[in-house]
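> Next come a sequence and a model predicted from it.
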Amino acid sequence: MKVIKFVLNILYKIYCFCIALPIFVVITIFVSTSVIIASFLGDTNTTSYYLPKFWSKSAFWLHLLRVKVEGRENIKKEESYVFLANHQGYFDIFLVYGYLGHNFKWMMKEYLKKIPFVGYACVKCKMVYLGEGISGIQKAVEQARETLQGGMSMVIFPEGSRTRNGKMAEFKRGSFMLANEIGLPIVPLTINGSFDVFSRHDKSVNFGTVTLTIHKPITAEERKGKQTKVIMQEVYDVINDGLEEKYKS
């Protein structure tokens, strides 16, 4: 049995490298270019949602990965939210983009603008960029207020980077300060399985299942009067409770 499993794993790695990866690179260039062209034609919401959604789902299809989504009944398409998710691995972005089922903008770090094709496409999609310090937060708040209306939401990884061991790191205050300034409901998201599929330490994709759990919103009214660190801990606990036992803090 171990020999069969080993051989299947080798065949899967070869497939991913020789077939899935080249096709995905082509799709990435096509989607990025299409989004950029659409932005010059005046479309920064519809195309920038559906094309990246296809791009993200293709990452799972091509790599033969399974996806489960739980709790989608907790959110409404016509409402705007600030989604806060743990960050386990490289497939987190594909999971949220492809399977959240809600139009949104990412809150991203400034340096991500430099990624070939994808970085410029994100700029043209009017993603929200968070700079350093208070001035960076204030600028992000202004941009978010203009963008997050009529069901348009935002997704943030409050850890700031991918986990090193599968467990969540401490949350950064910036995303919570921004969420409180905007006054939108916060929706915790728990991602499971992404660390095993493709963590920051892996050199290639591993076969497996990735699960997205959408928790109930925490409204601005429920957060009223609470210190930022208290809200941070509440969200942390909700996300952590949804993790597999081996990854709970």
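Noted; the coordinates are in hand.
> which residues does Pro185 contact?
Applying C-beta atoms under 8 Å, 6 or more residues apart in numbering to Pro185 gives the contacts Glu79, Tyr81, Val82, Pro217, Ile218, Thr219, Ala220. Any C-beta I mention is one placed from the backbone N, CA and C, and that applies to glycine too.
> ok, the nearest residue to Ile23 once chain neighbours are set aside - contacts?
Nearest residue to Ile23 in three dimensions, chain neighbours excluded: Leu62, at 5.8 Å (C-beta to C-beta, 6 or more residues apart in numbering). Neighbour list for Leu62: Ile19, Ala20, Ile23, Phe24 [criterion: C-beta under 8 Å, 6+ apart].
> Looking at those residues, spot the one nearest Glu245.
Nearest to Glu245 among these, counting by C-beta to C-beta, is Ala20 at 30.6 Å.
> any weak-confidence spans in this structure?
Scanning the chain with the threshold set as pLDDT under 70 gives 43-45, 110-112, 130-137, 149.
> same thing but 80
Applying pLDDT under 80 to the chain flags the ranges 1, 39, 41-48, 107-151, 174-175, 178, 181.
> Now do the strands in it.
Counting by DSSP state E, the chain has strands at residues 66-70, 82-85, 104-109, 128-130, 153-156, 186-192, 209-214.
> Check these for me and report the most buried one.
Mean neighbour count (mean count of other C-beta atoms under 10 Å) peaks for strand 82-85 among these, with a mean of 26.
> Each with direction, which strands does that one pair with?
strand 153-156 (parallel), strand 186-192 (parallel) (DSSP bridges).
> who touches the longest helix along the chain?
Counting by DSSP state H, the longest helix found in the chain is helix 21-40. Here helix 21-40 makes contact (C-beta under 8 Å, 6+ apart) with 44, 47-48, 51-52, 54-55, 58-59, 62, 117-118, 120-121, 124-125.
> Now which of the residues you listed would you call buried?
With neighbours counted using 16 or more other C-beta atoms under 10 Å, the contacts of helix 21-40 contain these buried positions: 44, 47-48, 51-52, 54-55, 58-59, 62, 117-118, 120-121, 124-125.
> if we can go back for a sec, what's the closest of the strands paired with strand 82-85 to Lys68?
strand 186-192 (8.6 Å).
> Give me the angle between that closest one and strand 209-214.
170 degrees (axes from the mean of the first three to the mean of the last three C-alpha atoms, to 10 degrees).
> CA-only coordinates of the longest helix of the chain in PDB, if you can.
In PDB, the C-alpha atoms belonging to helix 21-40 read as follows (Å, rounded to 0.1, in the frame of the first residue of the first chain):
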ATOM      1  CA  LEU A  21       1.400  24.500 -13.900                       C
ATOM      2  CA  PRO A  22       1.900  25.400 -17.600                       C
ATOM      3  CA  ILE A  23      -1.800  25.600 -18.300                       C
ATOM      4  CA  PHE A  24      -2.400  27.700 -15.100                       C
ATOM      5  CA  VAL A  25       0.400  30.100 -16.200                       C
ATOM      6  CA  VAL A  26      -1.400  30.600 -19.500                       C
ATOM      7  CA  ILE A  27      -4.700  31.200 -17.800                       C
ATOM      8  CA  THR A  28      -3.100  33.700 -15.400                       C
ATOM      9  CA  ILE A  29      -1.700  35.700 -18.200                       C
ATOM     10  CA  PHE A  30      -5.000  35.600 -20.100                       C
ATOM     11  CA  VAL A  31      -7.100  36.600 -17.100                       C
ATOM     12  CA  SER A  32      -4.700  39.400 -16.000                       C
ATOM     13  CA  THR A  33      -4.600  40.900 -19.500                       C
ATOM     14  CA  SER A  34      -8.400  40.600 -19.900                       C
ATOM     15  CA  VAL A  35      -9.000  42.400 -16.600                       C
ATOM     16  CA  ILE A  36      -6.500  45.200 -17.500                       C
ATOM     17  CA  ILE A  37      -8.200  45.700 -20.900                       C
ATOM     18  CA  ALA A  38     -11.700  45.700 -19.200                       C
ATOM     19  CA  SER A  39     -10.500  48.300 -16.700                       C
ATOM     20  CA  PHE A  40      -9.600  50.700 -19.600                       C
END
